[in-house]
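In: Need the 3D shape of this:
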Amino acid sequence: MEQGTDLCDSQDERGRQTFPDRDTTGRAKAVKPPGFDQRAEPSSAPQEEVSGATDGTGVWERVFGRDNLLRALERVERNGGAPGSDGMTVVELRPYLKRHWVEIRAALDAETYQPKPVLRREIPKPGGGVRLLGIPTVTDRFIQQALVRVLVPLFEPVFSDSSYGFRPGRRAHDAVRKAQEHINEGYGWVVDIDLEKFFDRVNHDRLMARVARVVRDRRVLKLIRKYLESGVMVNGVKVEVREGTPQGGPLSPLLANIMLDDLDKELEKRGHRFVRYADDCNIYVRSKRAGERLLAGIGRFLERKLRLRVNARKSGVDRPQKRRFLSFSFYWRQGRALIRVADEARDRCRERLRQLTRRGRSGLVVEVIRAVNEYMTGWVEYFRLAETDWAFREMDRWLRRRLRQMVWKRWKRGRTRYRKLVELGVPSELAALGAGGTSPWRMAATPVVNMALSNAYWEREGLMNIAERYRQLRETLRTAGCNKARPVV
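Out: This is a model prediction of the structure:
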């Protein structure tokens, strides 16, 4: 599809469909390396604009229209990610399509195209166990992205206002704020519903029946079914699947919202206040007894209507401040529920920082600081919604102490420590106090080591001030009109 060349849909002109060597601006595309590790925390970035009319006819033509295919390709290239089961990388996709798109499109139109199995990957969960990911090939990611761009506008009008996950213009922060609003309206108990292995247990027939309520193009329905049944590649062996929609492809989040829209409609019909982000659903009620009745009733509804199970061990009815939602939780101050970082999220952050600042780590200190800054930039960006200035100051103090113990340990011998402390401005009569000791963690808290490796020292070395960055982002939130009346405490 070279510049100025139309991507035609007719059979007789399809041979002219090609793909440009570069993006539409003429620049070479910057692609993340294969295996790029996505951030664990939910992304708060707004989704790109999607295209298509809002009726369910002519979907096939819109999916494979020239402009839609170009935008889908650009999105896949921008997202990067690891190769799928065929080993093809994102950077190889555009040249591959340039050579083979005519055959691929012909197979799609003839309904003989067969998606390749997704590559199985296991990601450890913070609370134990693993999350199963299914990585499609880059070619299938491209086709799925083209589907998503057209299907999203068809389903958006029917989705609930209380659903926030993976929808255009909606973010995890919006869901947390809505939960806070329900709590402050007097709904002081939360029914926290955890669906047991949701993405692995979606019933294909029931899911496709719900897709067909909106999409009336038989070819599109058949292609989606093929993606659901494409199988997984485990240790080089293809395994057939009869249920589930593997996490990892562009289609999966949309299909999850379609499947759970029945749950949203049931909760709305009953008049409940709730917030759902993908398969994470919190319902807010006024009493514990009402919550227990609701949990039992919703469990029966999910099993009967959607053939999904509630995880009894992880679900429950409790006060919101004792549960977590999207890695946030709540606390009370002056009669209002305020947002805080959930304890589990804070612990995960500290564990990651322990790995980055371990005492035996090799490499220059500036390299350690660069890695810490890279991780904490994303962490603070996501958790800026928390109304707890003190928590970020505490993280600053703890992190600097970790770095001090690492540096002190690297100095190894007492003579070296004495010399380094004097070089950093500690009086010679005090430097001897910081040269001894057997516990790096204890020595990192002593006045002498703090004098040498002061806050100003770390600022000169380029370490990010977590609390200051948090305050800057909070000010941005207030400037944008968010939380205008809520002080940072």
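In: Which pLDDT value goes with Glu122?
Out: pLDDT recorded at Glu122 is 78.
In: For it, which residues are in contact?
Out: Residues near Glu122 by CB atoms under 8 Å, 6 or more residues apart in numbering: Val130, Arg131, Leu132, Leu133. Backbone N, C-alpha and C define where each C-beta goes, glycine included.
In: Quick one: the helices in the stretch 101-250 of the chain, in order.
Out: Under the criterion DSSP state H, counting those that start in this stretch, the stretch 101-250 of the chain contains helices at 138-155, 172-184, 198-201, 204-211, 218-228.
In: which helices and strands does the longest one pack with?
Out: Right, the one you point to is helix 138-155. Judged by 3 or more CB pairs under 8 Å, 6 or more residues apart in numbering; DSSP states H and E, the packing partners of helix 138-155 are helix 59-63, helix 66-79, helix 93-109, helix 218-228, helix 251-269.
In: Go again with 10 Å.
Out: helix 59-63, helix 66-79, helix 93-109, helix 204-211, helix 218-228, helix 251-269 (3 or more CB pairs under 10 Å, 6 or more residues apart in numbering; DSSP states H and E).
In: Next, format these as TSV and append distance to Arg478 and mean neighbour count.
Out: Converted to TSV, the helices and strands packed on helix 138-155 look like this (distance: least, CB to CB, whole Å; neighbours: other CB atoms under 10 Å):
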stretch	distance to Arg478	mean neighbour count
helix 59-63	41	20
helix 66-79	31	19
helix 93-109	42	16
helix 204-211	41	16
helix 218-228	43	17
helix 251-269	31	20
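In: got the ones you listed as JSON lines, with distance to Ile143 and mean pLDDT columns?
Out: Below are these laid out as JSON lines (distance: least, CB to CB, whole Å; pLDDT from 0 to 100):
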{"stretch": "helix 59-63", "distance to Ile143": "8", "mean pLDDT": "95"}
{"stretch": "helix 66-79", "distance to Ile143": "8", "mean pLDDT": "95"}
{"stretch": "helix 93-109", "distance to Ile143": "8", "mean pLDDT": "96"}
{"stretch": "helix 204-211", "distance to Ile143": "16", "mean pLDDT": "94"}
{"stretch": "helix 218-228", "distance to Ile143": "8", "mean pLDDT": "95"}
{"stretch": "helix 251-269", "distance to Ile143": "9", "mean pLDDT": "96"}
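In: Out of these, which is closest to His182?
Out: Across the helices and strands packed on helix 138-155, His182 has its closest neighbour in helix 251-269 (12.3 Å, CB to CB).
In: Just after that closest one, pick out the following helix or strand.
Out: Once helix 251-269 ends, the next helix or strand along the chain (criterion: DSSP states H and E) is strand 273-277.
In: Show me which residues of the following helix or strand past that next one are buried.
Out: Using DSSP H and E, the helix or strand that follows strand 273-277 towards the C-terminus is strand 280-285. Residues Asp280, Cys281, Asn282, Ile283, Tyr284, Val285 are the ones in strand 280-285 that count as buried (16 or more other CB atoms under 10 Å).
In: Okay, angle between strand 280-285 and strand 273-277 too, please.
Out: If you take axes from the mean of the first three to the mean of the last three CA atoms, to 10 degrees, strand 280-285 sits at 170 degrees to strand 273-277.
In: other SSEs contacting strand 280-285?
Out: helix 172-184, strand 189-194, helix 251-269, strand 273-277, helix 288-301.
In: The helix or strand following the last one pairs with which strands, and in what direction?
Out: For helix 288-301, the following helix or strand on the C-terminal side (DSSP H and E) is strand 316-318. Using DSSP bridges, strand 316-318 pairs in its sheet with strand 189-194 (antiparallel).
In: Kindly write the ChimeraX command that selects the buried subset of the contacts of Glu122.
Out: Filtering the contacts of Glu122 down to the buried ones (16+ other CB under 10 Å) takes a single ChimeraX command:
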select :132,133
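In: sorry, back to before: can I get the helices and strands packed on strand 280-285 in TSV with distance to Val407?
Out: Listed next are the helices and strands packed on strand 280-285 as TSV, based on distance: least, CB to CB, whole Å:
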stretch	distance to Val407
helix 172-184	36
strand 189-194	43
helix 251-269	44
strand 273-277	41
helix 288-301	51
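In: Next one: the residue nearest to Arg384 when sequence neighbours are not counted from Val380, what distance?
Out: Excluding its sequence neighbours, the residue lying closest to Arg384 (CB to CB, 6 or more residues apart in numbering) is Leu473, at 3.8 Å. Relative to Val380, Leu473 is positioned 7 Å away (CB to CB, to the nearest Å).
In: Over to Gly363?
Out: Gly363 is 23 Å from Val380, where distance means CB to CB.
In: Please say which of those two ends up with more neighbours.
Out: Val380 (21 against 9; other CB atoms under 10 Å).
In: Hmm, that one is touching Tyr470, no?
Out: Yes. Contact criterion CB atoms under 10 Å: Val380 and Tyr470 qualify, at 5.5 Å.
In: and Pro153, how far is that from Val59?
Out: According to CB to CB, Pro153 stands 10 Å off from Val59.
In: next one: Arg225
Out: Where Val59 is concerned, Arg225 sits at a distance of 14 Å (CB to CB).
In: Then Val237?
Out: Remark: distance between Val237 and Val59 (CB to CB) = 35 Å.
In: just to revisit the earlier point, how many other residues sit next to the residue nearest to Arg384?
Out: With other CB under 10 Å as criterion, Leu473 counts 15.
In: For whichever strand or helix holds Gln405, the averaged confidence score.
Out: Using DSSP H and E, Gln405 sits in helix 389-410. In this model, helix 389-410 has an average pLDDT of 96.
In: picking up where we left off before, residues shared between the contacts of Val380 and Tyr470?
Out: Ala386, Phe392, Met395 (CB atoms under 10 Å, 6 or more residues apart in numbering).
In: coming back round to it: which secondary structure element contains the residue nearest to Arg384?
Out: Assigned by DSSP H and E, Leu473 falls within helix 466-479.
In: contact partners of that helix?
Out: Looking at helix 466-479 with CB under 10 Å, 6+ apart, the contacting residues turn out to be 173, 372-373, 376-377, 379-400, 459, 465, 482-488.
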